[in-house]
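Participant: Build me a model from this:
(one chain, ligands or ions: 1)
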Amino acid sequence: MNVFKLLSRSGKGPQTSPAQKLPSSGAVANPQLFGHNEAPKPAQAPNTSRKRKRGQVNSEQSSTIPADLDFFGGGSGSVNQKFKEDESSSGHALEKKKKGDDATDGLESAENNVDAAEERYNEDECKRVLRSHKLKVVVLENFGAQEEEKAKKERKEKKKPKKRRLEKEEAESKGKKSTKQQLFPRPLTSFSQLRTRYGISRRLAENIQEQGYKMTTEVQLGALPLLLKNKEETTGELSEISSSGKELAGNIDLLTVAPTGSGKTMAFLIPIINALQSESRTLSESRQLGPRALIVAPTKELASQIVNEARKLTKGSSVKATLMKKGMELVERSDDEASEEPGSAAESDEDGHSIADSESSSEIAAKLKGKRRRADIVKAAIVVATPLALLNGLKHQDQHISELPSIKYMVLDEADVLLDPLFREQTLSIWKACTNPSLRVGLWSATMGSNIEALAVNTINERWAKVSSGAPDLPPRAPLIRLVVGLKDTAIPNITHKLIYAATEQGKLLGLRQLLHPTATPSNEASTSLRPPFLVFTQTIPRAIALHSELLYDIPPEAGGSSRIAVLHADLSSSARESIMTRFRRGEVWVLITTDLLARGVDFRGLNGVVNYDVPNSAAAYVHRVGRTGRAGRKGGVAVTFYTQEDIPYVKNVANVIQASEKLRGKEGGEASVKQWLLDALPTPTKRDKQRLKKRGVEARRTVKDGEGRAKMRISTKSGYERRVENNRRGAKMAGNARGREDRKMVEAPSESEFEGFEE
Ligand SMILES: Nc1ncnc2c1ncn2[C@@H]1O[C@H](COP(=O)(O)OP(=O)(O)OP(=O)(O)O)[C@@H](O)[C@H]1O
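Facilitator: The predicted structure is shown next:
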């Protein structure tokens with residue numbers, strides 16, 4: 001169906017080139033964002049001593065590599081060629097699987113080929129690959145080594161006279177370098193290496209292979225080698241930063257900043273699932289151990305998406321993942337504290353964690369009359385939840401929070417928002433409740449302020465001070481490593497940004513209608529390039545609702561009419577939210593109007609665009625909102641941002657992000673969508689302005705009434721005068737109708753003998 005023909009009233013639709021690639025056209029062969037234009041390196045002498053293994057591609061025989069596998073950008077350079085061999089062999093394995101061949105056979109041949117490629121890595125090549133993919137790994141805090149060093153120094157210094165000691169300290173603090181130690185982990189260029197190099201379970205390897213991914217994304221390429229234990233090298237990459245590198249290999253806290261849609265979910269799930277699988281071989285063993293990994297996400301939508309991903313990767317294994325819902329508990333409670341709410345018993349989860357799944361509501365009600373219900377205790381190894389759902393499962397009536405000593409892994413997905421004032425208290429309470437001394441933490445997001453890094457370091461220190469007191473035999477203290485992919489806090493380079501001045505609220509509505517009906521303005525560049533499905537973001541829930549009712553009848557009935565447009569916000573019930581998400585994912589809804597509820601993490605793979613109907617509240621919010629399109633390297637996504645007179649004090653935030661993202665893409669000067677003159681003309685918001693905007697949004701849009709009681713910043717194409725005339729007319733008509741009904745009642749009042757219908 002040509003969506004655009006149906007949307008454009010003329011029926012012709014805009015002319016699009018058949019070659020135009022949109023995110024909705026499907027996955028791209030190369031999900032990576034950087035490293036495509038890598039210059040080829042001089043060829044290295046081939047390793048002739050090694051016997052070629054079964055299925056391995058000979059670089060001399062096959063000089064032409066399929067374009068979709070050429071992810072290091074052509075040329076016969078040593079590293080490029082080696083990875084191509086590696087990839088083509090694993091791609092071959094994938095193809096085999098598609099044809100119905102035995103999956104394990106494919107795995108084996110890929111593993112054998114990777115073995116061969118592995119041998120030819122050297123440190124310089126690793127560095128080059130990491131650089132070309134814009135990966136930077138640094139040691140943010142090396143707690144263990146710092147403590148060791150401090151203790152050593154103290155012992156030494158005690159022996160020196162005081163004067164000399166003070167002089168030395170002063171000199172040291174003056175010359176202290178702030179540069180962080182950089183690490184160069186061996187990049188993971190193929191998923192097959194997960195088995196050959198890190199020995200992940202066969203089941204997990206098969207589940208990954210079933211996803212059909214041809215190559216690792218940048219964040220997977222950098223994070224997985226840091227988080228997994230290398231089965232061959234006993235010291236691992238971390239030997240560089242600690243004498244106890246052997247114990248630290250794969251045993252670190254990681255703070256990752258990587259672009260939106262770059263596959264961070266897989267990157268944090270694989271190491272956790274692998275570790276949990278090696279702890280428990282059978283399902284009953286795993287259930288006995290209870291929850292051992294906690295994944296915290298800011299919204300229900302994101303949490304349920306993570307659970308789905310985790311279930312794909314844990315299929316057929318002893319490890320299960322569950323979504324924390326109302327009526328589920330993480331700790332045992334006394335009878336007095338058990339939930340009294342019958343509604344909370346009604347939710348059950350795929351892994352059978354609810355007591356209510358086989359009972360009718362009347363049975364439950366009857367039981368509850370006699371005895372308070374004991375909530376269901378979660379047994380799954382991986383628990384995914386929003387901070388509030390988790391705290392509800394941990395808090396007691398007297399407000400004290402139970403400890404969770406069984407949790408060994410905690411992931412904060414969208415860590416910057418979870419540690420932002422909005423969620424900070426809840427998140428830190430959860431973090432502190434995880435009292436296991438070997439707790440490993442992962443903080444992941446596409447944006448991360450330096451204040452969040454500092455907060456993470458403080459929290460890790462505080463927690464350690466608490467858990468280590470009175471526990472002498474603790475494992476070595478893990479370092480905090482930071483991995484950054486690309487340019488920190490920048491929008492992905494593979495989408496097109498459009499910043500459009502709409503002057504007024506009515507101008508924005510007209511602009512959005514032009515996007516919906518593209519042939520009405522063929523000259524408008526923005527309108528010809530945005531295709532449904534797309535998301536529309538507003539500042540508040542009332543504005544999302546108002547915009548939805550304004551646009552409800554804009555889609556012609558032949559195209560599905562009002563069912564094609566929907567609104568999703570936090571005031572809707574969970575089931576309504578789930579149903580809208582499903583309809584949007586299935587393609588039944590084409591335009592989804594929402595608030596920042598869907599700005600983070602949610603993965604709509606084929607989303608063609610994002611419209612910022614209201615300017616986002618921060619640069620980070622822009623990065624996340626527009627990152628709903630262009631996922632996994634998909635090209636052709638469009639991000640349109642409307643701004644009005646009221647937004648001018650703040651719009652520079654957004655303009656700067658667009659400029660940085662276009663620079664990353666190589667679009668500068670005349671080609672850039674935000675011209676330098678505009679950037680120069682826009683006022684720079686102060687720190688206070690930014691803080692106010694982040695907290696409250698554009699103030700004018702929050703004020704519903706002005707001093708004279710008139711509605712301001714309303715979403716409507718009609719002027720205030722037109723609306724008043726219309727309201728007066730409507731009022732007069734309603735009054736007339738009411739009078740008419742009264743008159744008719746008098747005239748038509750039935751006589752007592754007349755039939756008046758059946759009583760209910
Ligand atoms: N190696 C891969 N090759 C191709 N696609 C991948 C690969 N890894 C993950 N994906 C896909 O990329 C998409 C985005 O992944 P994911 O949701 O994990 O991104 P993210 O980095 O968490 O994004 P965000 O910052 O928006 O939360 C998903 O559809 C996922 O299935």
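
Participant: Skip the chain neighbours and tell me the closest residue to the closest residue to the ligand within the stretch 551-700 of the chain.
Facilitator: Closest to the ligand within the stretch 551-700 of the chain is residue 632: 3.4 Å, counting by C-beta to the nearest ligand atom. C-beta: built from backbone N, CA, C; applies to glycine. Spatially, and ignoring its direct neighbours in sequence, residue 632 is nearest to residue 31 (4.2 Å; C-beta to C-beta, 6 or more residues apart in numbering).

Participant: Report the contact partners of the residue of the stretch 551-700 of the chain closest to the ligand.
Facilitator: 27, 28, 31, 217, 261, 262, 263, 605 (C-beta atoms under 8 Å, 6 or more residues apart in numbering).

Participant: same thing with residue 394?
Facilitator: Contacts of residue 394 (C-beta under 8 Å, 6+ apart): 330, 331, 401, 402, 404, 430, 433.

Participant: pLDDT-wise, what's the bottom of those residues?
Facilitator: Scanning these for pLDDT, the low point is residue 331. It has 79.

Participant: any idea of the pLDDT on residue 681?
Facilitator: pLDDT, read off for residue 681, is 90.

Participant: Can you tell me which helices and strands the helix or strand containing residue 424 packs against?
Facilitator: Using DSSP states H and E, residue 424 sits in helix 421-433. Helices and strands touching helix 421-433, by 3 or more C-beta pairs under 8 Å, 6 or more residues apart in numbering; DSSP states H and E, are strand 293-296, helix 387-392, strand 409-413, helix 415-418, helix 450-468.

Participant: Distance to residue 620 added to those, as CSV?
Facilitator: Below are the helices and strands packed on helix 421-433 laid out as CSV (distance: least, C-beta to C-beta, whole Å):
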stretch, distance to residue 620
strand 293-296, 18
helix 387-392, 19
strand 409-413, 15
helix 415-418, 7
helix 450-468, 10
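
Participant: residue contacts, the closest residue to the ligand within the stretch 401-550 of the chain?
Facilitator: Nearest to the ligand in the stretch 401-550 of the chain, going by C-beta to the nearest ligand atom, is residue 446, at a distance of 4.2 Å. Residue 446 makes contact with 257, 258, 259, 260, 262, 489, 623, 624, 627 under the criterion C-beta under 8 Å, 6+ apart.

Participant: need the contact list for the second one.
Facilitator: In this case it means residue 258. 218, 219, 223, 264, 267, 444, 446, 483, 484, 485, 486 are the contacts of residue 258 under C-beta under 8 Å, 6+ apart.

Participant: Mind listing the residues bridging to the nearest residue to the fourth one once chain neighbours are set aside?
Facilitator: Think residue 264. Taking C-beta to C-beta, 6+ apart as the measure, residue 264 lies nearest to residue 444, with 5.0 Å between them; neighbours along the chain are not counted. With DSSP bridges as the criterion, residue 444 is bridged to residue 256, residue 413.

Participant: okay, residue 444: pLDDT?
Facilitator: For residue 444, the predicted pLDDT is 98.

Participant: Would you confirm that it contacts residue 413?
Facilitator: Yes - the pair residue 444 and residue 413 qualifies as a contact (C-beta atoms under 8 Å) at a distance of 5.4 Å.

Participant: any common contacting residues for the two?
Facilitator: In contact with both residue 444 and residue 413: 264, 268, using C-beta under 8 Å, 6+ apart.

Participant: Using CSV, list the CA coordinates for the helix holding residue 424.
Facilitator: Listed next in CSV are the C-alpha coordinates belonging to helix 421-433 (Å, rounded to 0.1, in the frame of the first residue of the first chain):
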residue,chain,number,x,y,z
PRO,A,421,16.7,14.3,40.4
LEU,A,422,13.4,12.8,39.1
PHE,A,423,14.5,9.2,39.8
ARG,A,424,17.7,9.7,41.8
GLU,A,425,16.4,8.9,45.3
GLN,A,426,14.6,5.8,44.1
THR,A,427,17.6,4.6,42.1
LEU,A,428,20.1,5.2,44.9
SER,A,429,17.9,3.4,47.4
ILE,A,430,17.8,0.3,45.1
TRP,A,431,21.6,0.5,44.5
LYS,A,432,22.3,0.7,48.2
ALA,A,433,19.9,-2.2,48.8
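
Participant: ok, and what's touching it?
Facilitator: 294, 296, 298, 387-388, 390-391, 394, 401-404, 410, 412, 417-419, 441, 455, 459, 462-463, 466.

Participant: Contact residues of the stretch 401-550 of the chain facing the ligand?
Facilitator: By C-beta under 6 Å from any ligand atom, the residues of the stretch 401-550 of the chain that approach the ligand are residue 446.
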